[in-house]
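Chemist: Take a look and give me a structure for this.
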Amino acid sequence: MRALAVAAAALAFAAPALASEQRPTLNELENQLMCPVCAGETLAQSDSAPAQRMKVHIQQRIRQGWTRSQILREEEDIWGTQILAAPPRHGWNLLAWVLPLAGILGATAVMGALVWHWSRRREQPPGDRPGAQSLNGRPLDPELERRLDEELARFDG
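Modeler: Down below sits the predicted model:
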């Protein structure tokens with residue numbers, strides 16, 4: 001039953017993804033490509049002349065029936081991988097996708113281990129004699145207790 005539900009969900013999500021691949025929209029591609037002259041802006045955010053020319057070029061490719069992958073590949077061939085808003089998910093660029101996830105998982109594991117260790121830590125048993133206790137609940141060192149008694153005796157005087 002569970003496998004059937006997973007298969008149905010996969011088919012439900014596959015159809016829109018396939019349609020997006022076969023008939024991309026300018027808006028979709030504008031958000032996947034960077035402006036070639038504006039630092040840190042996608043085509044959707046940029047109003048520069050080169051960005052406008054790229055939008056016209058992309059619109060022509062869409063009208064000619066090009067797929068999303070073909071258009072993105074052509075722009076990458078012209079401008080290089082820096083034109084892509086997200087790094088490709090293959091080769092060395094895959095590290096840009098994997099390392100943040102690995103860092104988050106590693107930090108979560110370390111924090112979990114530390115919390116587990118701290119929650120399992122046992123208090124040290126009190127000393128043999130029921131002497132004076134410090135603020136942390138542990139017995140005072142006999143030498144410190146003697147000095148404390150002498151100082152208090154001086155003030156009581």
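Chemist: Any regions of the protein where pLDDT drops low?
Modeler: 3-21, 89-90, 122-134, 157 (pLDDT under 70).
Chemist: okay, which residue is most central for this protein?
Modeler: residue 100 (5.1 Å; C-alpha atoms, centre = their mean).
Chemist: The one helix or strand that residue maps to - contacts with which helices or strands?
Modeler: Of the helices and strands defined by DSSP states H and E, residue 100 is found in helix 95-120. Packed against helix 95-120, as judged by 3 or more C-beta pairs under 8 Å, 6 or more residues apart in numbering; DSSP states H and E, are no other helices or strands. Glycine gets a C-beta too; all of them are placed from N, C-alpha and C.
Chemist: Give the next helix or strand downstream of that helix.
Modeler: Heading C-terminal from helix 95-120 (DSSP H and E), you reach helix 142-156.
Chemist: Quick one: list the elements packing against that next one.
Modeler: Partner elements for helix 142-156 (3+ C-beta pairs under 8 Å, 6+ apart): none found.
Chemist: Now it: buried residues?
Modeler: Buried residues in helix 142-156, counted by 16 or more other C-beta atoms under 10 Å: none are found.
Chemist: Can I get it in PDB? Just the C-alpha atoms.
Modeler: Extracted in PDB, the C-alpha atoms of helix 142-156 (Å, rounded to 0.1, in the frame of the first residue of the first chain):
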ATOM      1  CA  PRO A 142      40.000  20.700  54.100                       C
ATOM      2  CA  GLU A 143      42.700  23.400  53.800                       C
ATOM      3  CA  LEU A 144      40.200  25.900  52.300                       C
ATOM      4  CA  GLU A 145      37.600  25.100  55.000                       C
ATOM      5  CA  ARG A 146      40.300  25.800  57.700                       C
ATOM      6  CA  ARG A 147      41.200  29.100  56.100                       C
ATOM      7  CA  LEU A 148      37.500  30.100  55.800                       C
ATOM      8  CA  ASP A 149      37.000  29.300  59.500                       C
ATOM      9  CA  GLU A 150      40.000  31.500  60.500                       C
ATOM     10  CA  GLU A 151      38.800  34.400  58.300                       C
ATOM     11  CA  LEU A 152      35.300  34.200  59.700                       C
ATOM     12  CA  ALA A 153      36.600  34.000  63.300                       C
ATOM     13  CA  ARG A 154      38.600  37.300  62.700                       C
ATOM     14  CA  PHE A 155      35.400  39.100  61.600                       C
ATOM     15  CA  ASP A 156      33.300  37.700  64.400                       C
END
